[in-house]
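Asks: got a structure for you, letters missing:
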């Protein structure tokens, strides 16, 4: 069954950088569109960046030019390099499937990992 383990979050000052990593055990990872999502306190979860199996990337407008998503299909990992961080980037970050199929399901319900907390101080 699918497993998603996010890591790399932490506390950083505005203007700093962090690199998030996600290890996935999903079947046929290499053909899945994968994404990084975030959820700030009191806000809905939003898709920050996604990458197809072939490496095509998309980004939320507010992170374009600052964030970069990448993947290693051989290792079933997806990463998010975050530069020039802003306080408004503070959120719990999650990786999951993106694209038309949406998030992974497990045991009859949508599955999310524990996420990793990113806190950007001003």
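Replies: Done, it's in. Computed from a predicted model, the values in this text were never measured in an experiment.
Asks: check contacts around residue 98.
Replies: Taking C-beta atoms under 8 Å, 6 or more residues apart in numbering, we find residue 98 in contact with 33-35, 37, 47, 50. Just so you know, the C-beta spots here come from the backbone N, C-alpha and C atoms, and that holds for glycine as well.
Asks: nearest to residue 104, of those?
Replies: Residue 104 lies nearest to residue 34 out of those, by C-beta to C-beta, at 10.0 Å.
Asks: show me the contacts for that closest one.
Replies: By C-beta under 8 Å, 6+ apart, residue 34 lies in contact with 22, 24, 50-51, 71, 78, 95-98.
Asks: could you look up the SS state of residue 95?
Replies: strand (DSSP: H, G, I helix; E, B strand; the rest coil).
Asks: on that earlier part again, identify the farthest-apart pair in the contacts of residue 98.
Replies: 33 and 37 (12.5 Å).
Asks: of those two, who's got more company?
Replies: Between residue 33 and residue 37, counting by other C-beta atoms under 10 Å, residue 37 is the more crowded of the two (21 against 17).
Asks: any stretches of this protein with poor pLDDT?
Replies: Scanning the chain with the threshold set as pLDDT under 70 gives 26.
Asks: where exactly do the strands run in it?
Replies: 4-7, 10-13, 18-24, 34-39, 46-51, 57-59, 67-72, 77-82, 91-97, 105-106, 109-110, 116-121 (DSSP state E).
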